[in-house]
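coordinates only, no sequence provided:
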């Protein structure tokens, strides 16, 4: 019997003795982080699957792993020989994991580790269960050589980078908390409240701290409690621990939390005490999305320096492809090396996607050491990468043309450029959301019967997570509601693409920031300001696929790139840059 | 004391004896119809206000009328001398009528006539009340010379016009009802159900009947009950009456209704009997929005004949303005006269808006007899009108240029044309809604800091209401949820505009129908097919405000107009039409 099946058997023994019928395991830490450090990778330990996202469900007789499209092949390989059934999450006939667990647990006893499952999700999957046991980390109980949770040095973001003192942020948060209490029918208006949060980017922003605890996210493991008069930040050695919410021996008339971001055990602790919980959106989520003047100035500089590094990379790549050995992993190392020359560089902002030729058709491709494609003077290389700097976070994709392209490829490349440029040029009335302006990016694609199966853009944090809400750009209006309306200072990516399985993948991605456009008798109008200054590889552009307006946009963009970035690039690159930002 | 104050005093006496603290009166019939016949205009009788929409709230000491922007001036005039406070509905500091009534009735006894208030609205305004008396029509009790409810002849829509037998429609409806029962936790799966509906367009579509009971809506006053085996249609003399829901002496395990479309008294009758009510959307709403092949063929013909009538009008107007006497009312009569020459003409589909010069800045302007503006050979005349025909319903707006325009006017006129044409040209993936494609119409406006304060389009019925859901085109995503995704066969208007108070108003409106565009590896794509074939007055177009793409769209549109409509217009008009559909 395989090692994996053996472990599952052990879990089943623990389930039996605890009276658990269905046990659920997420890929998550105590903070609902997008990236999960080794200590929290219970799924990897249990199943051998090393992907970055997944859900495992175990019953007396069966076990399932939900893996998304990035990992269908990898998961199938890694599960081989085990009894675990692979659920191809995202396929039309495969249920959502939450729906699957909910139905599986109907009338049964459901178990999970409530410290790593968010409260909203846990309540959802529990709603048909006959009983819930939420305080057993069964994988932890059998994981003898589990890596410890690692804590890095915490640093404070200086005021000339964050632009607002933590105490002032707390003041603003308290105003929102008090408003929420006032508006909630359960609210008790006497100033006594406790607001609990465990989402690390919210905490990092609120307290102006950063660290390196989660891969690619410059955050510190922490929990926070904010009440009327005081605020408590629990970090390593200072109250951090799974039962952090029991730290303070006080009672609150109002207990506030964002149940979609707080862990279930925290929620249950207060619910079981009979507290009436006021469910709010973390006020910091919208606040941190709207960058202040200091943050804007800093991130603009970071993005210019980052752009210069990518331009250097582009020049090196286009000059040397086919001449010197390189593969998908070595080009990532080369690019990261260029970024590291910046003395403010901290880390990558996410795992680089360097995908050659048909590999780029997989939107979230990650080259596997030993299996990376060799790069030659042909086809296209897609590089989606970003950096964490002491003054900003970047996310940028370019697809580089390394040889002759087919007509189909040129058309796809050119339409992608037009798509990105049209969205960058969008003007819209205040109140609009990503769901409204997405059309400006997709119209050129849809006209050709083409579509990319992902959103067009996401928010970006300031020295924080590369993916952050509450806004984004996509066309689907979710049942849970639309994204937040755009407001001045929101940073958002603009990344249309074309993906053709087995053939090629193209994505062109800039960051943009929402800025004022006009005030008129008809209202307030907003637009995007461009933040990324890197050429769109003109070797892929075929003018026949552009309207006259598109050509104007492309030329104006390239002029802006040259004029803005000229002083950031080495002297010997300027002629080359001039050529690659020329008018067409 | 004025007559109005006297009537309010009488209402207050009735309120006192009935124990009602707050009495609410809507402008509505028993069917939630958009247009309300004389019998149901309780507000007009009570307050003297003759507008087509409004809400009245009366307490012991005060009385309020909510009137929207169309009626601020008219309502102020008509309320003069009465104690009624005018609430300018739509102003930022004025609450929604429902919120106002809700708060006013908090802890008090609320009264209204539950037969003319829809259940969802009634439940909303009752939720803070200490008590609700919903079966007293107090205005009816004092309205001694109330006009009787008028019933017209009912006619059946032939199969070669409606394309589907009523029994087949009922079969499809029953499938949806049974699905709703199955999906509802309260549903009892034994085939016993009663589905109640009183919305006249749903009934007319389901039973393939039409009449002339409601102004501009070719519907019959009717109630309907659909159950597993049988269906009951209650019309004049055949069971129609306020207590229609008591007609059948049977019980149902499942009672279904669309509480946003059914009257409160119907809802309460079953709720008080302890029935558990399954709240659904009327299945016919989506079904009737998707026109079948027969309906499509019919409505296309109706729209061509209607277009020819408007072209005739356009020629007459542009030839004779300033030469013969005409005003806003006489041009409407002239246009309606042209429509009446069509032997399939039934009625106008709504009250014509013929608005000259600055009057057109009021989106829903209606000329008052004796006060209509005289039309001269200057400025612009906006005409928004439509017809009900035996084979279709039309809604079309053109703004006609009658003299020299200012640059500002030309710009506004030209951008409106570009806006309409761009939306008409939109291509989009299946699943998109009006909220997604609205950008295609507004982008030219927003770029100039301009915006029109209304939706861009609405659904249109087939020989039915000129406004119908469940789809529409607008950018705001309402809290109650987005509009329905576009599906093949949905008819929708496309009517951007520019409105400048005290100066001018421009609107250009065509009808369109959703048709397939492409099937590709990336999905199913849809587009709009044009249904209205009337020139956009080239005297208002200034090419400097159009992109090269816009010029192409305009020329292609005009070629299509000429080619399609040539055979529908009189010989002596063809040269003129050629000139007004020329390439620019």
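In hand now; what should we look at? Here the structure is a predicted model, which means the values were calculated and not measured.

enumerate every residue touching the nearest residue to residue A:139 once chain neighbours are set aside.
Once flanking residues are discounted, residue A:139 sits nearest to residue A:42: 3.9 Å by C-beta to C-beta, 6 or more residues apart in numbering or on different chains. C-betas here are computed from N, CA, C, even on glycine. Applying C-beta atoms under 8 Å, 6 or more residues apart in numbering or on different chains to residue A:42 gives the contacts A:25, A:27, A:113, A:116, A:137, A:139, A:140, A:143.

and residue A:42, its phi and psi?
phi -60, psi -40 (degrees, to the nearest 10).

re the thing from before, give me the subset of the contacts of residue A:42 lying in strands.
Per DSSP state E, strands hold the following members of the contacts of residue A:42: residue A:25.

now the contacts of residue A:42 in CSV, with neighbour count?
Formatted as CSV, the contacts of residue A:42 follow (neighbours: other C-beta atoms under 10 Å in any protein chain shown):
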residue, neighbour count
A:25, 26
A:27, 21
A:113, 27
A:116, 24
A:137, 17
A:139, 23
A:140, 15
A:143, 16
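
and the helices in the stretch 1-150 of chain A?
Ranges of helices in the stretch 1-150 of chain A, per DSSP state H, counting those that start in this stretch, are A:3-18, A:42-47, A:72-79, A:97-104, A:119-126, A:138-142.

how far off centre is the top strand by length along chain A?
The residue-count maximum for a strand in chain A (DSSP E) belongs to strand A:510-520. Chain-centre distance of strand A:510-520: 23 Å, with C-alpha atoms, centre = their mean, to the nearest Å.

which outside residues touch it?
A:291, A:296, A:299, A:303, A:394-396, A:420, A:424, A:427, A:457, A:460, A:486-495, A:524-532, A:534, B:449-450.

quick one: low-confidence parts of chain A?
A:1 (pLDDT under 70).

map the structural domains onto the sequence of it.
What automatic domain parsing lists as the domains of chain A is A:3-142, A:155-288, A:290-580.

pull up the pairing partners for the longest strand of chain A, direction included.
Using DSSP bridges, the strands paired with strand A:510-520 are strand A:491-494 (antiparallel), strand A:523-530 (antiparallel).

let's check: the centremost residue of chain A is which one?
residue A:467 (3.1 Å; C-alpha atoms, centre = their mean).

wait, that one touches residue A:491, no?
No. The criterion here is C-beta atoms under 8 Å, and residue A:467 misses it with residue A:491 at 11.4 Å.

show me the strands in the stretch 451-584 of chain A, by range?
Applying DSSP state E, counting those that start in this stretch to the stretch 451-584 of chain A gives strands spanning A:457-459, A:468-473, A:491-494, A:497-500, A:504-507, A:510-520, A:523-530.

what do you get for the stretch 101-250 of chain A?
If DSSP E, counting those that start in this stretch is used as the criterion, the strands of the stretch 101-250 of chain A fall at A:109-112, A:131-133, A:155-156, A:193-197, A:209-210, A:223-227, A:231-234.

so what secondary structure elements neighbour the fourth one?
Right, the one you point to is strand A:193-197. Applying 3 or more C-beta pairs under 8 Å, 6 or more residues apart in numbering or on different chains; DSSP states H and E, one finds that strand A:193-197 contacts helix A:166-183, strand A:223-227, strand A:254-257.

all good on my end, thank you.
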